[in-house]
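Visitor: let's see this in three dimensions:
(chains A, B and C)
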Amino acid sequence: MTASLTLGPVLFNWPVDRWRDFYARIADEAPVDTVIVGEIVCFKRAPFFAEAMGEVIERLAAAGKTVWLASPILVGSERERSAMRDLVRSDATLPDGGLPEGGLVEANDMGALALLAGRPHAVGPTINVYNEATLGWMAGRGAVAVSLPAELPAATVAVLAKAGRELGIETEVQVWGRAPLAISARCYHARAHGLHKDGCQFVCGNDPDGMPVTTMDGQPFLTVNGTQTMSHGCLCLAAEMPALVAMGVDRFRLSPQAMDMVRVAEAFRAVLDGRRDGAEVAAELGGLIDAPLVNGFYHDTAGALRVA
Amino acid sequence: MRDPDAAQTVSVCNSPAGERARRFETGLSRAGLGLVPRLGRRASDALLARLLRLLADCHPRAFEALREMPDARVLIEPVDAPVALLMRVGPEMSLHALPRGADGVGEALGKAGADAVVRGPYDKLLDLLEGRIDGDALFFRRELSISGDTALILALRNTLDGEDEMDLVADAASIAGPLARALPVLRRNAGPVLDRIDAARRLLPPPLRRGIERLEARLGGTAGTPPGGLPGKLPGMGA
Amino acid sequence: MDNFELICPAGTPAALRAAVDAGADAVYLGFRDETNARNFPGLNFTRQDVADAVDYAHARRVEVYVAINTYPQAGNLGPWRKAVDDAARLKVDAVILADPGLLDYAAKRHPDLRLHLSVQASAANVEAIRLYREAFGVRRVVLPRVLTVPEIARLNAEIDIETEVFVFGGLCPMAEGRCSLSSYATGLSPNKQGVCSPANHVRYEQRGGALASTLGGFTINVFGEGEQAGYPTLCKGRFVAGEGPAYLFEEPTSLNAMDLLPELKAAGVRALKIEGRQRGKAYIAAVVRAYREALETFAAGRPVPHIDLQAMVEGGTQTTGAYTRAWR
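Guide: Here you go, the predicted structure:
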């Protein structure tokens, strides 16, 4: 089996020391093949991680991980734009790119995708790839891997995985972690605290797993992560992994939560290697996070649902 | 393509006298609707079936769309009228009048076998059905409440709104012969005369047939020689 | 100085005529299926309706744009491609697309068909917009509602295609086309099915004098007695995050940028768009008429009057949204 495990970028605003330690442990212990780093949610947070970025990349690469750099999801302002331009010059295919061998940039916005044309690059899950025509167009411009949007149902994944094999482009599906649902120019973390985005006091840093959002009837519903809105339910497709592999999906993404991600990676590795049953792994991991496990998107229903 | 009468209705309704005429028509049609169940189930169903056929002839596009919808029932419940209308959409399209009890919307849903209920003041419901007013705005202001199958109400609203200005009062009146001839005249004359006619409405006897006859007689009078010195034309109304 | 173009919505043929008669420069509409982002019951145009609409509009020198702005379903590209083919055959003035694969198809198959980039593509920066222009020959971009007016001005200085911005109507607080909130609660999404917070998953419930709205079983809002109501659009709901219930994402409010006409003109914006293909013709007539009056006044160099559209807006409040930085 050639399928591989990817650790997606940390989406939450963790203190830089925690962030650095997290990646040190991932480098040493987590059986993942590719690690994607980068602050993709909020431009304002990026400077905190910039100082540790080089060190983290080196550490991961030294441990044999392939390291990719992710571009921001929303690029509107002039400063965001220039940061994006700097970032796309990082990949290892360029003579002075900052990434070790095998390192690519994962575009999370069409602007980054534009700048990466003509050289190998990855396409992140916040770029809309819904069909084989778009996949083919991207492959023609140099994309070598595409992480599919979380809301795609199994039938769509199957078509895209098959098309990907024909086009020589790897397809990836998120199998663990809260699903990214929306991005905004407005910061909801700041708003919930009565603050403006410009003077946000980095309140998102108080919630290492995001800020829980419940309905007026007290039902847990969503998670706010600064300008990003995520699911409350934790997406888990451990039980669906054999089917995904059979479809031809090449890569499986684990999205970091404030939990023991090494254990999560080990469990998914065991499923991928055929050593453990997916449903059993889901049952175990479900006990480690304070959220229900959900898989509704994959089963073509409400993403908040869990289909047995 | 556009119905010149509809355009005329708009212009009349935009004038102050037009507003009064509209209020009168609304009151008249509400009273007429109140009389329908007193005909007995069979006769009232027959009358409403006739109305529906007529509307289908006037608005073929909308009615084809309503017939193409899945079988479902919408209760249209004017809170200030004695009668609610149960409209069945889909291939078996029909219209029934039901006496309105003191039941809340939820009970009405079950009792009438309705999949959805739209509830509000009669004049607003009429405006809505005729596409004169924005249903969303009414809903935002809480003048309209809906319950049950929201998609069904939306489909009904969108379908009816897709017609150029509908004129349900004129269409309904046309069933009753002389009323149809009277209405355009009424709309042109509007104004103070409405007070008299409005007063006449209160004198209507219960049985519909006789009520309509007297109404027709009075309105027909408006159409012919104005009794009691009715003004032929109001100042400022234009030709 | 050229005046702004006024781009107006139509969900039905009657609404199209209302928009044309009220002073639209162009009317945008969608086919009656999942190929457009307002795929609501009872709404939208058959092929014959579009043919009639084009006749009616062109006779009055008004343009017709067809929005084919959902993302085609994998393994089932036919309906979207046919929609593009039919729009071209029906001689519409432009198609509004979002999906790169579909843009690629349209550019190759119909080189003379004018392509606009839908807001659903959420192209928010120079690089992205240039990509759509260079790859597909897109002639106009509808900007996502995430940019301030100064950001729009800087953007226009660097791109060589027209920009169109929303000035009135419902306001997505999220970047358009990049939102799966509806999908999370109901399984149906703007990108896939062309619906957001779809009516068939909405329920209203009377709780004493209060009115509760639910979507996919999640309570989206509870309106107290006499309080203005809103759609149970997920992002306009009241939720609890930390303290008591609040409009976490956005109030039930409507965008109204009429006061920003001078700034938008100075920013180089070509066309102004009114949202609301799902709204009734009475709304469309009133809003289009008000904006036409405002544009004529503005073009004549007089101060733009304050035109009351309060009765038309959700929640009874209006905002200039992301155009001003304070919104963030």
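
Visitor: CA only for contacts and neighbour counts going forward, please
Guide: Fine.

Visitor: and the helices in the chain, which stretches?
Guide: This is for chain A. Applying DSSP state H to chain A gives helices spanning A:16-29, A:46-62, A:78-87, A:110-115, A:132-140, A:154-167, A:188-192, A:241-247, A:261-272, A:278-286.

Visitor: please go with chain C instead
Guide: With DSSP H as the criterion, chain C has helices spanning C:13-22, C:47-59, C:78-89, C:100-109, C:126-136, C:149-158, C:181-186, C:190-193, C:261-266, C:281-299.

Visitor: chain B too?
Guide: Under DSSP H, chain B gives helices at B:4-14, B:16-35, B:41-58, B:60-68, B:105-111, B:122-129, B:135-140, B:150-161, B:168-175, B:178-189, B:193-202, B:208-223.

Visitor: pLDDT below threshold where in the stretch 1-150 of chain C?
Guide: By pLDDT under 70, the weakly predicted segments of the stretch 1-150 of chain C are C:1.

Visitor: next: chain B.
Guide: B:1-21, B:24-25, B:28, B:101-112, B:165, B:169, B:171-239.

Visitor: get me the contact residues on the stretch 151-300 of chain C for chain B.
Guide: C:198-205, C:226-231, C:278-283 (CA under 8 Å from any CA of the partner chain).

Visitor: can you list the helices of chain C in a markdown table and add distance to residue B:84 and mean neighbour count?
Guide: Formatted as a markdown table, the helices of chain C follow (distance: least, CA to CA, whole Å; neighbours: other CA atoms under 10 Å in any protein chain shown):
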| stretch | distance to residue B:84 | mean neighbour count |
| --- | --- | --- |
| helix C:13-22 | 28 | 24 |
| helix C:47-59 | 34 | 18 |
| helix C:78-89 | 42 | 18 |
| helix C:100-109 | 49 | 20 |
| helix C:126-136 | 54 | 21 |
| helix C:149-158 | 51 | 18 |
| helix C:181-186 | 32 | 27 |
| helix C:190-193 | 35 | 26 |
| helix C:261-266 | 47 | 17 |
| helix C:281-299 | 25 | 21 |
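
Visitor: how about a markdown table for these, with distance to residue B:74 added?
Guide: Formatted as a markdown table, these follow (distance: least, CA to CA, whole Å):
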| stretch | distance to residue B:74 |
| --- | --- |
| helix C:13-22 | 23 |
| helix C:47-59 | 27 |
| helix C:78-89 | 32 |
| helix C:100-109 | 40 |
| helix C:126-136 | 46 |
| helix C:149-158 | 46 |
| helix C:181-186 | 24 |
| helix C:190-193 | 26 |
| helix C:261-266 | 44 |
| helix C:281-299 | 22 |
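
Visitor: what's the closest of these to residue B:55?
Guide: helix C:13-22 (16.9 Å; CA to CA).

Visitor: now chain B against chain A: closest residue?
Guide: In chain B, the residue that lies nearest chain A is residue B:151 (17.7 Å; CA to the nearest CA).

Visitor: quick revisit: could you dump the helices of chain C to a markdown table with distance to chain A?
Guide: Shown next, in a markdown table, are the helices of chain C (distance: least, CA to the nearest CA, whole Å):
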| stretch | distance to chain A |
| --- | --- |
| helix C:13-22 | 31 |
| helix C:47-59 | 25 |
| helix C:78-89 | 11 |
| helix C:100-109 | 4 |
| helix C:126-136 | 4 |
| helix C:149-158 | 6 |
| helix C:181-186 | 4 |
| helix C:190-193 | 8 |
| helix C:261-266 | 17 |
| helix C:281-299 | 27 |
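
Visitor: perfect, I'm done here.
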